[in-house]
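Novice: just to be clear, the model below is a prediction. Sequence and coordinates:
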Amino acid sequence: MSEQTPNPTPVLDPEKAALNKRLETAFWGLFLIMLGGQFLLKNVNLPDGIWDIGIGLIFLGLNAARYFSGLKMSGFTSFLGVIALLGGLAQMVFRFDLGGALLLIVLGAMLILKPWFDQKGLFGKAEHS
C-alpha cells in the first residue's frame, strides 16, 4: 500500500494579496470607465467592436500586470478578455457578431488546455505563493 501525501495548502502571501487588490481595483476601475464611456458615447459613430476590444485589452492587461509582477493570473478575467477581444475583432474586421458561438469555442478550448495551464501554474489565486 503506497502512502499518499496530501496536497500542500497554498500559503497566503500578504504582500501579493495587497498588490493583487491594487491591480484589481485599478483595472476594474478602467473597465467601469470604458463601460460608462460606451453608454455615454452611444450616438458617436465608432467602428463596431471597438468597445469590446478595449474591454478585452483591459482584462488581458490586468493579467499581464499580474504575470510580470510575479502573481498568478486569473482564468476568469483572462477568459473574459479573450472573449471580448476576439468578439470585437470579429465585429470590426469581418463585420460578423460571433456572440455565443465564440463563447462556446473559447470555453471548449480552455477546457482542453486546462491540464497545460495547471502544469505551468499560470492561473490560480494571485495572493497564493
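Specialist: Perfect, I can see it now. Numbering: from 1, shown residues only.

Novice: the closest residue to G54 other than its chain neighbours is in what secondary structure piece?
Specialist: Distances taken as Cβ to Cβ, 6 or more residues apart in numbering put M34 closest to G54, at 5.1 Å, once the chain neighbours are dropped. Glycine gets a C-beta too; all of them are placed from N, C-alpha and C. Secondary structure from DSSP states H and E places M34 in helix 14-40.

Novice: for that helix, buried residues please.
Specialist: K16, L19, N20, L23, E24, F27, L30, F31, Q38 (16 or more other Cβ atoms under 10 Å).

Novice: helices or strands up against the following helix or strand past that helix?
Specialist: Going down the chain from helix 14-40, the next helix or strand is helix 50-68, by DSSP H and E. Packing partners of helix 50-68 (3 or more Cβ pairs under 8 Å, 6 or more residues apart in numbering; DSSP states H and E): helix 14-40, helix 75-94.

Novice: mind listing what M92 touches?
Specialist: P47, D48, G49, I50, I53 (Cβ atoms under 8 Å, 6 or more residues apart in numbering).

Novice: what residues are up against the second one?
Specialist: Going back to what we said before, that points to D48. Q91, M92, R95.

Novice: do the same with the first one
Specialist: Residues touching P47, when contacts are defined by Cβ under 8 Å, 6+ apart, comprise M92.

Novice: before we move on, back to that, among the contacts of M92, which two are most distant?
Specialist: D48 and I53 (10.1 Å; Cβ to Cβ).

Novice: about what we covered before: looking at the helices and strands packed on helix 50-68, which is closest to P115?
Specialist: helix 75-94 (13.1 Å).

Novice: next structured bit after that closest one?
Specialist: Heading C-terminal from helix 75-94, the first helix or strand you meet, by DSSP H and E, is helix 100-120.
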